[in-house]
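Participant: Please find the sequence and the predicted model below.
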Amino acid sequence: DTGVSQDPRHKITKRGQNVTFRCDPISEHNRLYWYRQTLGQGPEFLTYFQNEAQLEKSRLLSDRFSAERPKGSFSTLEIQRTEQGDSAMYLCASSPPTAGGGNEQFFGPGTRLTVL
Amino acid sequence: GDSVTQMEGPVTLSEEAFLTINCTYTATGYPSLFWYVQYPGEGLQLLLKATKADDKGSNKGFEATYRKETTSFHLEKGSVQVSDSAVYFCALVNTGGFKTIFGAGTRLFVKA
């Protein structure tokens, strides 16, 4: 399977704990995105990488959230001191190197986080 | 800021009925417009897109036309099937940008 993969698929944690999610994009894609989706809503943009550079961050990404893409391949999203409001589906997407934003983004299956 | 508004669901139709899901957008530039679909238990996938005014995107019998004058990108299908039951998201990417702005989604149920 050459699609976008995410690990883990489900994570249950207690409030105050740290969690880390991993995303492996499609291999030839240089752009990688993180989104958060809560029940009944569309995905909300969190951050975007082009190769290893983090080019844009949403104001939704508080200082408890950090994302990295150290070698321009896989990416990690860490949430420190989790809160119940962090419970959501965290989606990763990737897209190929094209000019402009009219390109399709390919989404992974998501990581569902539940904070107790 | 940029935003997408789509009709609230759920929408329930009988098989072979005509489908319209309304979508309007607000954007400062000249965005590309998309419809994504999420089938039960699956990830988001692109259904169709249009990158400039008057373009028509089409796929799997679904169509949507980029209407700049009404800032709309309504999704239509002439005859829905049970297998079309899913959540449909209208979305935009603005000029020079890469982040996607999504609508809240419209759940479609098709009855046999």
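Facilitator: It's in. Owing to the predicted nature of the structure, the values given are computational and were not obtained by experimental measurement.
Participant: Not counting sequence-adjacent ones, nearest residue to the residue of chain A found nearest chain B?
Facilitator: Nearest residue of chain A to chain B (C-beta to the nearest C-beta) works out as residue A:42 at 3.2 Å. Bear in mind the C-beta positions are built from the backbone N, C-alpha and C, glycine included. Excluding the flanking residues, the one nearest residue A:42 by C-beta to C-beta, 6 or more residues apart in numbering or on different chains is residue B:102, at 3.2 Å.
Participant: picking up where we left off before, pLDDT score assigned to the residue of chain A closest to chain B?
Facilitator: On pLDDT, residue A:42 comes in at 93.
Participant: go on, residue A:107?
Facilitator: For residue A:107, the model assigns a pLDDT of 93.
Participant: doesn't residue B:107 make contact with the residue of chain A closest to chain B?
Facilitator: No. Shown here, residue A:42 and residue B:107 do not form a contact pair, counting by C-beta atoms under 8 Å, at 11.9 Å.
Participant: what about the two, which has more around it?
Facilitator: Ranked by neighbour count (other C-beta atoms under 10 Å in any protein chain shown), residue A:42 and residue B:107 place residue A:42 first, with 22 against 15.
Participant: Tell me the spacing between that one and residue B:106.
Facilitator: 10 Å (C-beta to C-beta, to the nearest Å).
Participant: Find the residues that touch each one of these two.
Facilitator: Common contact partners of residue A:42 and residue B:106 (C-beta atoms under 8 Å, 6 or more residues apart in numbering or on different chains): residue B:89.
Participant: Contact distance from chain A - what residues of chain B qualify?
Facilitator: B:4, B:31-32, B:34, B:36, B:42-46, B:49, B:51, B:89, B:91, B:93-105 (C-beta under 8 Å from any C-beta of the partner chain).
Participant: Let's see that with 6 Å instead.
Facilitator: Within chain B, the positions lying close to chain A (C-beta under 6 Å from any C-beta of the partner chain) are B:32, B:43-44, B:46, B:51, B:89, B:93, B:97-99, B:102-105.
Participant: List just the nearest of those residues to residue A:47.
Facilitator: For the residues of chain B next to chain A, the minimum distance to residue A:47 (C-beta to C-beta) is 8.7 Å, reached by residue B:99.
Participant: which element is the residue nearest to the closest one when sequence neighbours are not counted on?
Facilitator: In space, and not counting its chain neighbours, residue B:99 is closest to residue A:45: 4.2 Å by C-beta to C-beta, 6+ apart. Secondary structure assigned from DSSP states H and E places residue A:45 in strand A:44-50.
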